[in-house]
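Novice: missing the sequence, but the structure's below:
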């Protein structure tokens, strides 16, 4: 605004020397510019008040921030949209994807948001959405809370400026997920879903560890470092593959898709790809929470070919993560109960009438095959990769013989003595 | 291990391997792991000293052994360049490697993540993943930090990004 005012002043001064015949037009132009500026000044930051009662109104008036969302019920998409006020979502990483996802959920009127990040806003982040240049230097969590509480004061915001891969940070992370003060009646942890929007393998493994231990369902997201592809993945501990079940041993070789490298100085990023991935992530979050549509177990996004592959990954019985194996055991134990519940649900639904054959004759013996049916050989030998895949990392080669022979030998050593020995070497 | 020079290879084979797969949240198993870490670090330091190739100091900065601080140095054109070295043991250790930090070089090279974490993604992380849990801190220094210093310090010095401490002192006086 300052720049515009200065320019206006300069223009006014130049009027002195200008031709009287064009004075009229110049004056009109200046008048309209002043009016615009006055409008901008008048509509300065006004905080919208909190919605008074706990109910979301479906009344269609300009002043109701939720009218368009409540219309989802009228359209028959969502049964009870207001339930969104009861849900807590944890967003780990407030970068290009996480911050946008947070804004989307805030605008949707989510009950509570927990934000985790340890980084600061930089000018280099301005090619992405959400953060503004005047927030440079603030922590991403502080800047996010500032913007989000302005957009929707109804949302309860909790921010944690910490690194979840360190021991202390991880403890705070886990205890914050477990905090049920927002919704004491909740079973399990205090949050309904964890969204991982981090940019590196270590942090994903830390989220994976926490969610496996807490048996907490989470959604993972990522954008490749060349900024042209991304993915989201649903992880239900014990049921679907955890992040350690399928370590990044394989990557599609069609394009360079190293989605697991983090944002260094050299990584590229686009607001478009990040916006698309954040959109896919939050759309699936809403479907998961409000119970409409289907939540994709894995959804890829290849922007070069506009290709959206989906797939399913079962948990790995040889997973290296102990907590994951425990959850897998529980999942298998709970199978009879699950089957019974599914059967009961099936019976409760109105029986469909026995259908006769759709076509009387089938001259060419055409039959429909289920997409999900495994296709024999490939799934059996895990060493054989499908065509188009290469191993990014060498495959793990655990050698149990080595472990059994060497493990119990050295319990008699004293930690302090060893420490002193190293210090002695250090000072020598 | 193709592509590594025979020197590094022979050094590596002499660093004792670790056997306990335990992270900082695993109680007594972590203590056992910590003992193994110390043993391999002691062996590696001794080996370096006896080969006249001493190039780092590292010690635990807290009793739990989850934070480590020290120094590392590299000799280039007969001048010694020394840097602070620090790292945390991640909660998911040893599934994920420690992220080695040289905070003084933060922002001076592209081969580094924010906060001075050196880039290990290509040359070291695959090796660590393959050798989990047998590799420890000593291996991370030998295969992660040492080659990084050998590659980056000459470039940093030649491009004038870092100055030897004697040069820096004289140029400040003049």
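Specialist: Good, I have the coordinates. As the structure is a prediction and not an experimental result, all values here were calculated from the model.

Novice: Please report how far the closest residue to chain B within chain A lies from residue B:93.
Specialist: Distance from chain B to each residue of chain A (C-beta to the nearest C-beta) is smallest for residue A:418, at 3.7 Å. For every residue, glycine as well, the C-beta is placed using N, CA and C. Computed as C-beta to C-beta, to the nearest Å, the residue A:418 to residue B:93 distance reads 18 Å.

Novice: Compare neighbour counts for the two and give me the winner.
Specialist: Each of residue A:418 and residue B:93 has its neighbours counted (other C-beta atoms under 10 Å in any protein chain shown); residue B:93 has more, 27 against 18.

Novice: How far does the host helix or strand of residue B:40 sit from its chain's centre?
Specialist: In this structure, residue B:40 is located in helix B:28-50 according to DSSP states H and E. The offset between the C-alpha centroid of helix B:28-50 and the centroid of the whole chain comes to 14 Å, using C-alpha atoms, centre = their mean, to the nearest Å.

Novice: cool, and stretch A:320-333?
Specialist: Here stretch A:320-333 is found 24 Å from its chain centre; the criterion is C-alpha atoms, centre = their mean.

Novice: Report pLDDT for the residue nearest in space to the middle of chain B.
Specialist: Most central in chain B under C-alpha atoms, centre = their mean is residue B:141, positioned 3.0 Å from the mean C-alpha point. Confidence per residue is given as pLDDT, and for residue B:141 that number is 96.

Novice: just the helices in chain B please.
Specialist: With DSSP state H as the definition, chain B shows helices at residue ranges B:6-14, B:28-50, B:125-130, B:137-140, B:146-158, B:165-173.

Novice: Tell me which of those helices sits most buried.
Specialist: With neighbours defined as mean count of other C-beta atoms under 10 Å in any protein chain shown, these peak in mean count at helix B:137-140, which reaches a mean of 24.

Novice: Once you drop chain neighbours, what's closest to the residue in chain B positioned nearest to chain A?
Specialist: Of all residues in chain B, the one sitting closest to chain A is residue B:38 (3.7 Å; C-beta to the nearest C-beta). With C-beta to C-beta, 6 or more residues apart in numbering or on different chains as the measure, residue A:418 is the residue that lies nearest to residue B:38, at 3.7 Å, once sequence neighbours are left out.

Novice: for residue A:148, same thing?
Specialist: Once flanking residues are discounted, residue A:148 sits nearest to residue A:106: 4.7 Å by C-beta to C-beta, 6+ apart.

Novice: which ones are touching the one you found?
Specialist: With contacts defined as C-beta atoms under 8 Å, 6 or more residues apart in numbering or on different chains, the neighbours of residue A:106 are A:113, A:148, A:151, A:152, A:155.

Novice: rewinding a little: retrieve the pLDDT associated with the residue of chain B closest to chain A.
Specialist: Per-residue pLDDT puts residue B:38 at 95.

Novice: Was I right to think it contacts residue A:415?
Specialist: Yes: at 7.3 Å, residue B:38 and residue A:415 qualify as touching, with contact defined as C-beta atoms under 8 Å.

Novice: circling back to that earlier point, can you give me the buried ones in the one helix or strand the residue of chain A closest to chain B maps to?
Specialist: Per DSSP H and E: residue A:418 is located in helix A:415-427. The neighbour-count check on helix A:415-427 (16 or more other C-beta atoms under 10 Å in any protein chain shown) flags A:418, A:419, A:421, A:422, A:425 as buried.

Novice: now swap in stretch A:270-277 and tell me
Specialist: A:270, A:271, A:273, A:274, A:275, A:276, A:277.

Novice: From these, pick the one nearest residue A:306.
Specialist: The shortest separation between residue A:306 and any of these is 10.3 Å, and it belongs to residue A:276 (by C-beta to C-beta).

Novice: Assess the claim that that closest one and residue A:299 are in contact.
Specialist: No: using C-beta under 8 Å, residue A:276 makes no contact with residue A:299, being 10.8 Å away.

Novice: Which of the contacts of residue A:106 fall within strands?
Specialist: Cross-referencing those with the strands (criterion: DSSP state E) gives residue A:113 as the overlap.

Novice: buried subset of the contacts of residue A:106?
Specialist: Looks like these have A:113, A:148, A:152, A:155 buried, using 16+ other C-beta under 10 Å.

Novice: Does stretch B:11-29 reach chain A?
Specialist: Yes: judged by C-beta under 8 Å from any C-beta of the partner chain, stretch B:11-29 comes into contact with chain A through B:19, B:20, B:24, B:25.

Novice: Give me the neighbour count for the last one.
Specialist: This points to residue B:25. Other residues lying near residue B:25 total 17 when counted by other C-beta under 10 Å.

Novice: Show the contacting residues for it.
Specialist: Neighbouring residues of residue B:25 by C-beta under 8 Å, 6+ apart: A:167, A:170, B:91.

Novice: which one of the residues you listed has the most neighbours?
Specialist: Within the contacts of residue B:25, most neighbours by other C-beta under 10 Å means residue B:91, with 26 neighbours.

Novice: Can you tell me the closest non-neighbouring residue to that one?
Specialist: The shortest distance from residue B:91 to any non-neighbouring residue, by C-beta to C-beta, 6+ apart, is to residue A:170 (4.2 Å).

Novice: element containing the one you found?
Specialist: Following DSSP H and E, one finds residue A:170 within helix A:167-178.

Novice: Show me what that helix packs onto, helices and strands only.
Specialist: Under the contact criterion of 3 or more C-beta pairs under 8 Å, 6 or more residues apart in numbering or on different chains; DSSP states H and E, helix A:167-178 touches strand A:88-92, strand A:112-117, strand A:156-161, helix A:201-214.

Novice: that older thread, contacting residues for the residue of chain B closest to chain A?
Specialist: If a contact means C-beta under 8 Å, 6+ apart, then residue B:38 has A:415, A:418, A:419, A:421, A:422 as its contacts.

Novice: In this structure the last one contacts residue B:59, no?
Specialist: By that I understand residue A:422. Yes: look at residue A:422 against residue B:59 with C-beta under 8 Å: they come within range, at 6.2 Å.

Novice: low-scoring stretches of chain A, by residue?
Specialist: Along chain A, the model assigns pLDDT under 70 to residues A:1, A:44-46, A:52-54, A:247-266, A:350-357, A:372-384, A:388, A:390-412.

Novice: domains for it, by residue range?
Specialist: A:1-16+A:27-42, A:87-344 (the TED database).

Novice: Which of the ones you listed has the highest mean neighbour count?
Specialist: Ranked by mean neighbour count, the domains of chain A are led by domain A:87-344 with a mean of 19 (mean count of other C-beta under 10 Å).

Novice: now the end-to-end length of that domain.
Specialist: According to C-alpha to C-alpha, to the nearest Å, domain A:87-344 extends 28 Å from its N-terminal end residue to its C-terminal end residue.

Novice: again, but for stretch A:293-311
Specialist: For stretch A:293-311, the end-to-end distance is 17 Å (C-alpha to C-alpha).

Novice: which other residues reach it?
Specialist: Under C-beta under 8 Å, 6+ apart, the answer for stretch A:293-311 is A:228-234, A:240, A:255, A:272-273, A:276-277, A:280, A:284, A:287-288, A:312-313.

Novice: Quick one: the domains of chain A as CSV, columns for distance to residue B:119 too.
Specialist: What follows is the domains of chain A, written out as CSV (distance: least, C-beta to C-beta, whole Å):
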stretch, distance to residue B:119
domain A:1-16+A:27-42, 40
domain A:87-344, 6
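
Novice: out of those domains, nearest to residue B:97?
Specialist: Distance to residue B:97, taken as C-beta to C-beta, is lowest for domain A:87-344 among those, at 8.2 Å.
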